[in-house]
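K.L.:
Next come a sequence and a model predicted from it.
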Amino acid sequence: MLSLRVLRNTVRGTIRAHPPCNLHACARALAGFQSSAVSAAKEDSSKPKVTHGHDPSFIREMKQYKSKVSDLRKVFAEEVAARNRDVERKIKEKRERQMVHREEVLRAKSERSVQRAAQIVEEVKLAKTRGEDERKARYARLVRSEQNLSKKKARTTALLRQESVTWIEPDQLQSRIFQALADPHAL
């Protein structure tokens, strides 16, 4: 019969050699193994001792332990796979949110650019009309200034013609001097 201490040490050695996946699984494995080890120890007291080789109950307990550890590893692998799927799902959702956000940003940016283009077209139209208005105003000022200049020239010409009647030409200068000397009051 194996003592409980030897059985525990064997279980501990097996746990160290093939550790369960996490602390909770280790505690479950130990609890299950210890309860079966106690029942095996009770059974061993009624059976005759085996002096050579391994005790069949020990082998049976080890097989049960290995199957429990294998089951725990499968459960842990499933948990890890589920956790990985969850992480991948979260990453995928985050990428989708980022993609949607990026599309919204690009849509808003394109809308702003369309609005800006429309605004630029309006500004160009205003600038053209303003330029045309300025050209028309400049042309009107030019026409007025030319008209004023021609009126001024006409007035100056008229004044010069009025005064030119009293002017004395060089060929008449001699005769006028003699007239003035002869009749000073007429001038």
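P.N.:
Great, that's in hand.
K.L.:
Point out where the protein drops to low pLDDT.
P.N.:
1-53, 186-187 (pLDDT under 70).
K.L.:
Tally up the residues packed near N148, please.
P.N.:
Neighbourhood size, N148 [other CB atoms under 10 Å]: 10. Bear in mind the C-beta positions are built from the backbone N, C-alpha and C, glycine included.
K.L.:
ok, it to L142 distance?
P.N.:
For N148, the distance to L142 equals 11 Å [CB to CB, to the nearest Å].
K.L.:
do F58 as well
P.N.:
For F58 relative to L142 (CB to CB), the value is 121 Å.
K.L.:
Repeat that for E104.
P.N.:
Separation of E104 from L142 (CB to CB): 56 Å.
K.L.:
residues contacting L173?
P.N.:
With contact set as CB atoms under 8 Å, 6 or more residues apart in numbering, L173 has no partners.
K.L.:
Next one: E93 from S175, what distance?
P.N.:
120 Å.
K.L.:
One more: H185?
P.N.:
18 Å.
K.L.:
Of these two, give the one with the bigger neighbour count.
P.N.:
S175 (10 against 5).
K.L.:
show me where this protein has helices.
P.N.:
Under the criterion DSSP state H, the chain contains helices at 4-17, 23-46, 56-164, 173-182.
K.L.:
how far out from the middle of the chain is the shortest one?
P.N.:
Taking the mean of its C-alpha atoms, helix 173-182 sits 104 Å from the chain's own mean (CA atoms, centre = their mean, to the nearest Å).
K.L.:
Ok, the longest one next?
P.N.:
If you compare the mean C-alpha spot of helix 56-164 with that of the full chain, they lie 11 Å apart, counting by CA atoms, centre = their mean.
K.L.:
so what does it touch, helix or strand wise?
P.N.:
helix 4-17, helix 23-46 (3 or more CB pairs under 8 Å, 6 or more residues apart in numbering; DSSP states H and E).
K.L.:
quick one, phi psi at I168?
P.N.:
Note on I168: its backbone torsions stand at phi -110, psi 130 [degrees, to the nearest 10].
K.L.:
how close does it get to Q179?
P.N.:
Going from I168 to Q179 by CB to CB gives 11 Å.
K.L.:
Those two: which has the busier surroundings?
P.N.:
Taking other CB under 10 Å, I168 and Q179 do not tie; Q179 has more neighbours (13 against 10).
K.L.:
how far away is that one from P170?
P.N.:
Q179 is 16 Å from P170, by CB to CB.
K.L.:
Tell me, how many residues neighbour V69?
P.N.:
Using other CB under 10 Å, V69 has 20 other residues around it.
K.L.:
coming back round to it: could you check which of F58 and L142 is surrounded by more residues?
P.N.:
When neighbours are counted by other CB under 10 Å, F58 and L142 differ, and F58 comes out ahead with 18 against 10.
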